[in-house]
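*Asks:* Return atomic coordinates for the entry below.
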Amino acid sequence: MGANLRQVVFNYVRAAQKNGAEAGDQSWLDGLLASAVDDMSDGYATNTSPVAPWRAEVRMLLLGLEQNTTQRVPIEFPWPVIVVGMRPVVRPVLPVGALTVPTVDDIDVAMDVNQTTQLNLSQGVTAPAGATFLTLGSIGVQQNVLQGMALKDPRPSLGFQCRWTQLAPAAGPALFTDAFIKITCYYIPMYPQESSNVAPSLRNAP
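*Replies:* Sure thing, here's the model as predicted:
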């Protein structure tokens, strides 16, 4: 059985019509559940607007002279979720002075699940082979792509670390102002008690 939900349901119904005993076959039921979990069609209204009534946000401070990455800042979800989109925001620490105000394209981000699975990969001039950082702006829902990030652990932890794409000289001066970084995650329960296209009430949460 494939992962495509429509095809799996079609195959299951045809098999059950031919042999009623197939309807309760555990391998068919496992395949249906796995396909439903991986199916992305119920979570989105359009290609650029995920339907996700719940949000969680991480915040961190990146100093202009920082040479290292920030500490890992996690979002601890209470149950399995599907993260359908993110929105990164960078704001300068005021007053700005004569320094350059950074944007989401001046900062790199690394993401991990439960401190074990790295979600990013970058290679090139400013990234050593196998580096797990990529441009912060690339994870935003303003891009013509959405996440379908299924976090299946009972209490998944989605962690973030940030760094400058271009480091300031160790002795200074800074290239950018100190910056507040905010990353908002839009998510839905993996096993909702009602459609993800309708905002679930808290009492119906898993």
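*Asks:* helix or strand right after the one helix or strand in the chain whose mean pLDDT sits lowest?
*Replies:* The least trusted helix or strand in the chain, going by mean pLDDT, DSSP states H and E, turns out to be strand 127-131, with a mean of 47. For strand 127-131, the following helix or strand on the C-terminal side (DSSP states H and E) is strand 134-135.
*Asks:* Would you mark the buried spots in the helix or strand that that following strand is followed by?
*Replies:* Toward the C-terminus, strand 134-135 is succeeded by strand 149-151 as the next helix or strand (DSSP H and E). By neighbour count, with 16 or more other Cβ atoms under 10 Å as the criterion, the buried positions of strand 149-151 are 149, 151. In short, each C-beta sits where N, CA and C put it, glycine included.
*Asks:* what lines up beside strand 149-151 in the sheet?
*Replies:* Under the criterion DSSP bridges, strand 149-151 sits next to strand 81-92 (antiparallel) in its sheet.
*Asks:* Spatially nearest residue to the residue most central in space within the chain (excluding sequence neighbours)?
*Replies:* In the chain, the residue lying closest to the centroid (Cα atoms, centre = their mean) is residue 83, at 5.0 Å. Excluding the flanking residues, the one nearest residue 83 by Cβ to Cβ, 6 or more residues apart in numbering is residue 149, at 4.0 Å.
*Asks:* Strands of this structure, start to end?
*Replies:* Ranges of strands in the chain, per DSSP state E, are 44-46, 49-50, 54-62, 73-76, 81-92, 107-113, 117-118, 122-124, 127-131, 134-135, 149-151, 157-164, 179-189.
*Asks:* Kindly reformat those as TSV and extend each row with distance to residue 100.
*Replies:* Converted to TSV, those look like this (distance: least, Cβ to Cβ, whole Å):
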stretch	distance to residue 100
strand 44-46	35
strand 49-50	32
strand 54-62	14
strand 73-76	24
strand 81-92	9
strand 107-113	12
strand 117-118	30
strand 122-124	22
strand 127-131	22
strand 134-135	17
strand 149-151	32
strand 157-164	11
strand 179-189	11
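*Asks:* Run through the chain and note the low-pLDDT ranges.
*Replies:* Across the chain, residues meeting the criterion (pLDDT under 70) sit at 1-4, 40-51, 120-131, 142-146, 192-206.
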